[in-house]
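Peer 1: make a model of this:
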Amino acid sequence: MQTDPLAIGFFQSGSHTVVPFKECLLVPPGWGDILNFLEHSLRHIGSSVQDLSQVMLRESHNHREIMLILYGRNKLLRGQVWERLAQDIRHHFQRVSTVASTAGHDEVVILSGRGFLNERLAGLEFAISPMAFFQVNTVMAE
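Peer 2: Residues are numbered from 1 along each chain as shown. Next comes the predicted model:
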C-alpha cells in the first residue's frame with residue numbers, strides 16, 4: 001500500500017505507511033478538525049509542502065490551549081506561505097495559541113502566535129515552548 005504524501009494520520013505498526021484518519025477516539029476533541037484543515041490546506045500550497053515531514057500537536061490540560069508544531073525535512077519552514085498557513089489555522093481554531101516550525105533540533109521559528117502555551121501543574125504556572133520537555137499528563141503527574 002502506497003502512502004499519500006500528504007496523508008495525516010498514524011504510522012501503521014512496523015512500517016512508514018500512514019493510516020489516514022478523519023476522526024479518532026485516541027486524540028482529544030478538536031484535533032481531528034485541525035489536522036483535517038491542515039491536510040486540506042497543504043494540498044493547495046504546492047511544492048513547498050515537500051519540505052514538511054511531520055506534525056505534532058500539544059494541548060494544555062488546564063487552559064485548553066493548543067500548539068501546532070510543523071517539522072521540516074532537515075530545514076525550518078519559513079516564509080510567507082508557511083506564515084499564511086499558520087495564520088489561517090489560528091483564525092479558524094481559536095484554541096491554537098502557537099504555530100511553530102522546527103527541523104527537530106533546538107532552533108524554532110514561531111510562524112504565528114505567542115510561541116508557548118500555558119499549563120498549570122501542582123499549583124504552578126508554566127510557559128511551555130515548542131521543544132520543551134513537559135509532562136503531558138498533568139492530572140497523573142499531580
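
Peer 1: quick one: the helices in this protein?
Peer 2: All helices of the chain, identified by DSSP state H, fall at 31-42, 80-92, 138-141.

Peer 1: residues contacting the residue nearest the centre of the chain?
Peer 2: In the chain, the residue lying closest to the centroid (C-alpha atoms, centre = their mean) is Leu68, at 2.8 Å. By C-beta atoms under 8 Å, 6 or more residues apart in numbering, the contact list for Leu68 reads Ile34, Leu38, Val55, Met56, Leu57, Ala86, Ile89, Val96, Thr98, Val99, Ala100. Heads up, the C-betas are built off the backbone N, CA and C, glycines and all.

Peer 1: bridged to the closest residue to it other than its chain neighbours, which residues?
Peer 2: In space, and not counting its chain neighbours, Leu68 is closest to Val99: 4.7 Å by C-beta to C-beta, 6 or more residues apart in numbering. Beta-bridge pairing of Val99 under DSSP bridges involves Leu68, Ser112.

Peer 1: for Met69, give me the pLDDT.
Peer 2: Quick fix: residue 69 is Ile, not Met. According to the prediction, Ile69 has pLDDT 94.

Peer 1: hang on, I meant Met1
Peer 2: pLDDT at Met1 comes out at 50.

Peer 1: so what's the residue of the chain positioned farthest from its centre up against?
Peer 2: In the chain, the residue that sits farthest from the middle, by C-alpha atoms, centre = their mean, is Gly123; the gap is 26.5 Å. Counting by C-beta under 8 Å, 6+ apart, Gly123 makes contact with nothing.
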